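[1] pasting the sequence and the predicted model now:
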There are 6 protein chains.
Amino acid sequence: MSEEEKILKIGVLKNGTIGSSLLLAFLMDERAEAKRIEVLEVTSGAKMHPEICSKTMEKLLELNPELIIMSSPNAALPGPKKAREMVNNIPTIVISDSPAKKAIDEIKEKNMGYILVNCDSMIGARRPFLDPTEMSIFNADLLKVLAITGALQVITEELNKVIIDLLEGRTPTLPQIIVDSNCATEAARFSNAYARVKAIAAFELAASVSKVTGKACFQLKDKSEYMPLLAAAHEMMRTAASLCDEAREIEKSNDTVIRKPHHSKQHILTKIGLFDKEE
Amino acid sequence: MSEEEKILKIGVLKNGTIGSSLLLAFLMDERAEAKRIEVLEVTSGAKMHPEICSKTMEKLLELNPELIIMSSPNAALPGPKKAREMVNNIPTIVISDSPAKKAIDEIKEKNMGYILVNCDSMIGARRPFLDPTEMSIFNADLLKVLAITGALQVITEELNKVIIDLLEGRTPTLPQIIVDSNCATEAARFSNAYARVKAIAAFELAASVSKVTGKACFQLKDKSEYMPLLAAAHEMMRTAASLCDEAREIEKSNDTVIRKPHHSKQHILTKIGLFDKEE
Amino acid sequence: MSEEEKILKIGVLKNGTIGSSLLLAFLMDERAEAKRIEVLEVTSGAKMHPEICSKTMEKLLELNPELIIMSSPNAALPGPKKAREMVNNIPTIVISDSPAKKAIDEIKEKNMGYILVNCDSMIGARRPFLDPTEMSIFNADLLKVLAITGALQVITEELNKVIIDLLEGRTPTLPQIIVDSNCATEAARFSNAYARVKAIAAFELAASVSKVTGKACFQLKDKSEYMPLLAAAHEMMRTAASLCDEAREIEKSNDTVIRKPHHSKQHILTKIGLFDKEE
Amino acid sequence: MSEEEKILKIGVLKNGTIGSSLLLAFLMDERAEAKRIEVLEVTSGAKMHPEICSKTMEKLLELNPELIIMSSPNAALPGPKKAREMVNNIPTIVISDSPAKKAIDEIKEKNMGYILVNCDSMIGARRPFLDPTEMSIFNADLLKVLAITGALQVITEELNKVIIDLLEGRTPTLPQIIVDSNCATEAARFSNAYARVKAIAAFELAASVSKVTGKACFQLKDKSEYMPLLAAAHEMMRTAASLCDEAREIEKSNDTVIRKPHHSKQHILTKIGLFDKEE
Amino acid sequence: MSEEEKILKIGVLKNGTIGSSLLLAFLMDERAEAKRIEVLEVTSGAKMHPEICSKTMEKLLELNPELIIMSSPNAALPGPKKAREMVNNIPTIVISDSPAKKAIDEIKEKNMGYILVNCDSMIGARRPFLDPTEMSIFNADLLKVLAITGALQVITEELNKVIIDLLEGRTPTLPQIIVDSNCATEAARFSNAYARVKAIAAFELAASVSKVTGKACFQLKDKSEYMPLLAAAHEMMRTAASLCDEAREIEKSNDTVIRKPHHSKQHILTKIGLFDKEE
Amino acid sequence: MSEEEKILKIGVLKNGTIGSSLLLAFLMDERAEAKRIEVLEVTSGAKMHPEICSKTMEKLLELNPELIIMSSPNAALPGPKKAREMVNNIPTIVISDSPAKKAIDEIKEKNMGYILVNCDSMIGARRPFLDPTEMSIFNADLLKVLAITGALQVITEELNKVIIDLLEGRTPTLPQIIVDSNCATEAARFSNAYARVKAIAAFELAASVSKVTGKACFQLKDKSEYMPLLAAAHEMMRTAASLCDEAREIEKSNDTVIRKPHHSKQHILTKIGLFDKEE
């Protein structure tokens, strides 16, 4: 029973933002009912240069976390790398996007876990296009894609496995996962085959956004060339969100929306019919 | 010119989450190009009891912020109040939702500013309904509503005024604003009358969600009664998001999507046509 | 068998219009096949001042109805009240909207029944906004909401109970019902949980329209203020209709659209699958 | 000035229902502000056999109308014909649907006017299909089609011309109009060419519904044959309504929704931009 | 086994185009896996005057087809008739649209088969309206209607019966079929009643397009009159395609999309669930 | 004037099918009014092995074409290559898809032109998935994408330049074009920036379909793995078609749908407003 009473201190470091990190703390405690974890975050907003990454990590370490979750775009960049070097022996999981694959070997060497989400594509970040409104809309669409395709479910379940391990005094096996359309939509556990199919299509679509924004942000110089591509990339994400909505509506029409809420003691319950009991 | 070189340290405290705080740091620096501000956040995830609020505020204060932005649901609760009491003389702005109106007098007495967003409605937080996926979808819809109706634009502009004041060495006038459908949609500066009308409808719809979730979360005891209401409330937010999408599509169809990106020196630029230059 | 042959004379009085009264006679005899009732209406169009109400009631009484159904917006106004005072002992049912709740005591004292429909919201009746086309569109949307949420089904069933009672020589128990989202959607008997949920959302949405039109019609004086609200209110009703459409499409997709036609002898039959037999 | 003070008594007779008659009184006085007309209706609900038609006409005549508007499906049937024979010299306008064309000669001989609306198609009136809910939904869709295509605008304008004539002491020229897609959409005065085109498509679609319901109601005997056709016919009307919605959304997107409200003195005002003044 | 090895030479003649002929060869061999048929086509593009029809038929006959499929709009025109006269004793099937019904007697006299598709409506072929883009869009919509309503399934199955007969050395019974909404949607074998209903509605809608394009192309002279009708006709086809999409989405939502692929040995397999095996 | 009277004989060879070839002849003569070209096609249906390609080319050459257009998927395969080797000195243009890029050098060496369309993606051709209905639906969606993004307009204009050159006795410059999203949407000449943006998004989406179908058709062996991908790929194309529809609807809403019909003498006219004159 004493283990029941343990409260796990979880530290979250965010440098820059990706869709998968928007609600990270809430993927572990969606209703503020968790009795056995305490989540504290330190973040550096949009910035992710080495100094700010180490400054925020320093603060986070002062909070004595027993589990660290680090999130940033492209975890292969010097900033996130710098922060990883400060961690030492605390179990750590890196959550990032597709370009972070370049850092996998280094992350493994540090015995850290990672979850890299293929469809967590880069935003169209050029000044004539991206203002706070456009930025928020893109994130709203991306968040819907991540939620419905199952990408956030993968994160939720992997983090929870580690949390349960630590709560129960076991050495955790840290995840080493690249979230692709297959893995995400398996985690989403659609009942209807075509709902899953639509989610796969949305995932692939969202994943291909990065190619367009990458070209528009880094290769093209002429505004008349990059502007339409930036806007097209955001249309693609909007369309992916809309496909996800179709997928979930199918599950609603069959009353098969699976729900997997956390119990206040942190294990995950499951139910399907709206009026079923979660168990 | 020395003022040009000043970098303002902005501290963000988040206890619990509201839609308006999801991307708060990025409303000040949407492309990670801001040269004159540094934003650091400390958050307590889902929890907002007094101990965790003061613990996170303590950490935040150690970072010596020159401007503090505090965000939480219902800022009238003891936790956020506790945190406010620790601030002293640093200019502080409270960002919260409709129930926070009860704290306005106290906030004013402390010479703090506030921005309370009427449509930032409470989620349907009961275990048989709310899991990480449903929670994320609701936030995605809410975020879209906040972005397109102009609510986030109000926050962006009010924060930026204070930031510019502080960068230029002026004593800032802190905002005292309740964001209603009129105020939000004025800030959104729609060109088409019906686009604005749809945004107003979406705002009112989103604002009315709280009544339904409030009843379902706090008054009803019988699962067969609260479950349909919870799900209906989320349908309402989904519908509000969809109305917002209609509004923005109208502006696209007229090439009048206004964009107001930050200059790297922090002032806000404006443009309308997609190929116009921001100025 | 003689009772079989009885034909009940039903008198309908309409002063002003609400959505629930648009097809009132046809809720009792949707295919013009009813052999045991005769429905006669007298109406005063848009007007509902006391003189016109009593004039129309006078005409109606000359037709010797055995059951009277009175319909108007806000049945608490002097006109409808005046008409009620003329009725005497004929069984009478008042059908009205939410503001009519103020008249409930008086209606009860007169031993009349009532059905007040919460989502039968007031139209945006100001001259720069409301012309015959806009008026008709609002009513079309409202009618769809009333039909699909089950509000009209409540009216249909309550009226039919009274009719059957009278046809069979029993003293009828007159209805005393406020139609809210729960009561309406129960009557609609959705098979799919989310279809019902969408109908509840639509009902709540439609019910909240009155607050917006009320403010725009009675409180605001400045055209630039009330015009966007009026248009927003009608967008809300359009959106509610669209949610209802989603709900019914779900039932179609499961072949579970319940149908409850009247038998020509007036009792109500039921069927579910499109090719099922009504029984 | 004395003519200004005249109040015209308008009598409306409805036997059976068509979409065009649902809101007939309100096409003359959409906001209950008309000072110069008084509209009284007598209706026989769903029934339209000769006895009930003459009984209701008798009542209507007792109210001494100066203008009579008669509305029914298929005005060539014996019931409406019987009622027409009772009118004598009061100016009378028949509003009906396409099958009423057979009565045109007789109507003309009686010096009556007529407005026959081609797209006011017959409902799918068979018991296994049509219950009060389905009946109401069909009417909601039909009403939207009539409103947006301009069919109701034709009726509004034609009635108003006669009303003004009578108010100003002139012998009215009664309308002799078959409302087809061209005539309706001209009256609707769309600004955008494709909005009108969609309205024409919707009108043609709605007009073709009668062929399908006619076949299903009168020719086919086998339930397995007529049921799909009935349901298909209602899908067609639903689709026509949806096309109309597209048309109006286009006008909204250009802020060119024309509005033609009645002045309280009965003449028709016009405005286009939402914030324009009606004149 | 020797019959197994036979390869049937099928000749396709196309003069002019209809929707049903766009993918005619692929209705017999959708994945290029057919081992027992060889399909060769000769076509004259848009032209269908007698000279070009006979020239192309001549070429086709040189290829020694054992089965001829002739496709054109209005097969009653002199061109297709001329081509039919050249065929002699080779089994021949005419695929055409509704106006071809005038040629049925003549086709029968020649012992040819025919499949005439009622909803394969004429395009809006006038210069100010129809360019290659509009033409392609119309065909895309039409193709979707033909595919989902089951019209192409009728063609597929009828052709395959004849092919199998010929492969197995039997004298084929050539089809004599007018594809109406009933026959098409039976072939489509929808599992959900309302999916079929929507397909019927789409078929009827598409079939009625010809009346509008016919009037606009042949009767009206004034551009201001025919242009809106042409565009309306194409809106109708777009709407029909959209209804078809709804129908198929319903089947997807129930995982009941029937699939009937050809085996490489030409017989048709069947499956329903996405993960079922075709048999 | 004698050149005016010249009629150019155009031979089209199709082996296998791509979206761009579905209506190839009609891109040159969309209303069957062309007086100066004669288009004859020989096709081999689904098959494209060397024997059938050469057999069909042989037939085509017998028709003495003065311009040859060859169309097939992957023109780098042996079959189309074989056919190209038979052409000799007749001006020839190859129309194919993205994999045909491997054949560019060889095509250039033969002094042929080529138009390779990036978004003309491969269908999901596996037996448990692809039947005639699914095949036709995919082609309908693809055709809509090709038409609205401007891909077909590129083909139309390039072919027409060559045709005009030949009609006027000039040596034609044959096209060497890879149609990407930029080139296509420039040809589509959208007036609204966001309409073009949506078309770009649709093009990119459609272009990425091949990666998914390629993997599903050629790499994956397990049905449970390739089936969801095949279906997802077709969802992607359906979504791309829907985005295109949005783009065209925007142009309709502004009455800026550009139309470029052929004059009967083959030059291309242009108009924008629906009621404008083509010139």
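    Thanks, I have the structure now.
[2] report the contact partners of A:S71.
    Contacts for A:S71 were tallied using C-beta atoms under 8 Å, 6 or more residues apart in numbering or on different chains; they are A:12-15, A:18, A:20-21, A:24, A:94-96. Yep, even glycine has a C-beta here, placed from its N, CA and C like the rest.
[3] in chain A, what spans have low per-residue confidence?
    A:1-4 (pLDDT under 70).
[4] picking that back up, let's have the contacts of A:S71 in JSON lines, adding distance to E:G169, neighbour count and secondary structure.
    Below are the contacts of A:S71 laid out as JSON lines (distance: C-beta to C-beta, whole Å; neighbours: other C-beta atoms under 10 Å in any protein chain shown; DSSP: H, G, I helix; E, B strand; the rest coil):
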{"residue": "A:V12", "distance to E:G169": "75", "neighbour count": "24", "secondary structure": "strand"}
{"residue": "A:L13", "distance to E:G169": "77", "neighbour count": "28", "secondary structure": "strand"}
{"residue": "A:K14", "distance to E:G169": "74", "neighbour count": "26", "secondary structure": "strand"}
{"residue": "A:N15", "distance to E:G169": "76", "neighbour count": "30", "secondary structure": "coil"}
{"residue": "A:I18", "distance to E:G169": "66", "neighbour count": "25", "secondary structure": "coil"}
{"residue": "A:S20", "distance to E:G169": "64", "neighbour count": "26", "secondary structure": "helix"}
{"residue": "A:S21", "distance to E:G169": "69", "neighbour count": "27", "secondary structure": "helix"}
{"residue": "A:L24", "distance to E:G169": "70", "neighbour count": "22", "secondary structure": "helix"}
{"residue": "A:V94", "distance to E:G169": "69", "neighbour count": "27", "secondary structure": "strand"}
{"residue": "A:I95", "distance to E:G169": "67", "neighbour count": "28", "secondary structure": "strand"}
{"residue": "A:S96", "distance to E:G169": "66", "neighbour count": "27", "secondary structure": "strand"}
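[5] near chain C, which residues of chain A show up?
    Proximity of chain A to chain C, by C-beta under 8 Å from any C-beta of the partner chain, involves residues A:249, A:252-255, A:257, A:273-275.
[6] nearest to B:R170 among the residues you listed?
    Nearest to B:R170 among the residues of chain A next to chain C: A:E249, at 51.5 Å, using C-beta to C-beta.
[7] contacting residues around stretch A:234-244?
    Residues outside stretch A:234-244 that contact it (C-beta under 8 Å, 6+ apart): A:119, A:121, A:124, A:134, A:137-138, A:140-142, A:144-145, A:147-149, A:198-199, A:201-203, A:205-206, A:208-209, A:212, B:140, B:245, F:197-198, F:200-201, F:204-205, F:235, F:239, F:242-243.
[8] which ones among those residues map onto helices?
    Of the positions in these, A:134, A:137-138, A:140-142, A:144-145, A:147-149, A:198-199, A:201-203, A:205-206, A:208-209, A:212, B:140, B:245, F:197-198, F:200-201, F:204-205, F:235, F:239, F:242-243 sit in helices, assigned by DSSP state H.
[9] re earlier: wait, which of the contacts of A:S71 is closest to B:N89?
    Closest to B:N89 out of these is A:K14 (28.5 Å), distances taken as C-beta to C-beta.
[10] just checking: which of the contacts of A:S71 also lie near chain B?
    When contact is defined as C-beta under 8 Å from any C-beta, the contacts of A:S71 meet chain B at A:12, A:14.
[11] wait, which of the contacts of A:S71 is closest to chain C?
    A:S20 (27.3 Å; C-beta to the nearest C-beta).
[12] contact partners for that closest one?
    When contacts are counted by C-beta under 8 Å, 6+ apart, A:S20 touches A:71, A:95, A:97, A:115, A:117, A:120, A:146, A:151-152, A:155.
[13] how does it look with 6 Å?
    Residues in contact with A:S20, defined by C-beta atoms under 6 Å, 6 or more residues apart in numbering or on different chains, are A:95, A:117, A:120, A:146.
[14] got a winner among those for most neighbours?
    Using other C-beta atoms under 10 Å in any protein chain shown as the neighbour criterion, A:L146 leads the contacts of A:S20 with 33 neighbours.
[15] so it touches A:L152, yeah?
    Yes: counting by C-beta atoms under 6 Å, A:L146 touches A:L152, with 4.9 Å between them.
[16] tell me which parts of the stretch 101-250 of chain A are close to chain B?
    Residues of the stretch 101-250 of chain A lying close to chain B (C-beta under 6 Å from any C-beta of the partner chain) are A:125, A:127-128, A:130-133, A:135-137, A:140, A:143-144, A:147, A:152, A:156.
[17] tell me the buried residues within the residues you listed.
    Listed as buried from these are A:125, A:127-128, A:130-133, A:135-137, A:140, A:143-144, A:147, A:152, A:156; burial here means 16 or more other C-beta atoms under 10 Å in any protein chain shown.
[18] show me what contacts the nearest residue to A:P78 once chain neighbours are set aside?
    Ranked by C-beta to C-beta, 6 or more residues apart in numbering or on different chains and with sequence neighbours excluded, the top spatial neighbour of A:P78 is A:P50, at 5.1 Å. Contact partners of A:P50, counting by C-beta under 6 Å, 6+ apart, are A:78-79, A:82.
[19] once you drop chain neighbours, what's closest to A:N160?
    In space, and not counting its chain neighbours, A:N160 is closest to A:I268: 5.9 Å by C-beta to C-beta, 6+ apart.
[20] distance of that neighbour from F:A184?
    Between A:I268 and F:A184 the computed distance is 47 Å (C-beta to C-beta, to the nearest Å).
[21] and A:E85, by the same measure?
    Distance, A:E85 to F:A184, using C-beta to C-beta: 48 Å.
[22] before we move on, what about A:L63?
    Going from A:L63 to F:A184 by C-beta to C-beta gives 54 Å.
[23] looking at these two, which one has more neighbours?
    Taking other C-beta under 10 Å, A:L63 and F:A184 do not tie; F:A184 has more neighbours (27 against 17).
[24] show me what contacts A:R196?
    The contact partners of A:R196, taken as C-beta under 6 Å, 6+ apart, are A:185, A:190.
[25] for the one 10 residues further on, same thing?
    Counting by C-beta under 6 Å, 6+ apart, A:A206 makes contact with A:119, A:121, A:145, A:237, A:240.
[26] now A:A75
    A:94, A:96, A:100, A:103 are the contacts of A:A75 under C-beta under 6 Å, 6+ apart.
[27] for the stretch 51-200 of chain A, what spans make up the helices?
    With helices called from DSSP state H, counting those that start in this stretch, the stretch 51-200 of chain A shows them at A:78-85, A:104-109, A:132-149, A:151-167, A:181-188, A:193-214.
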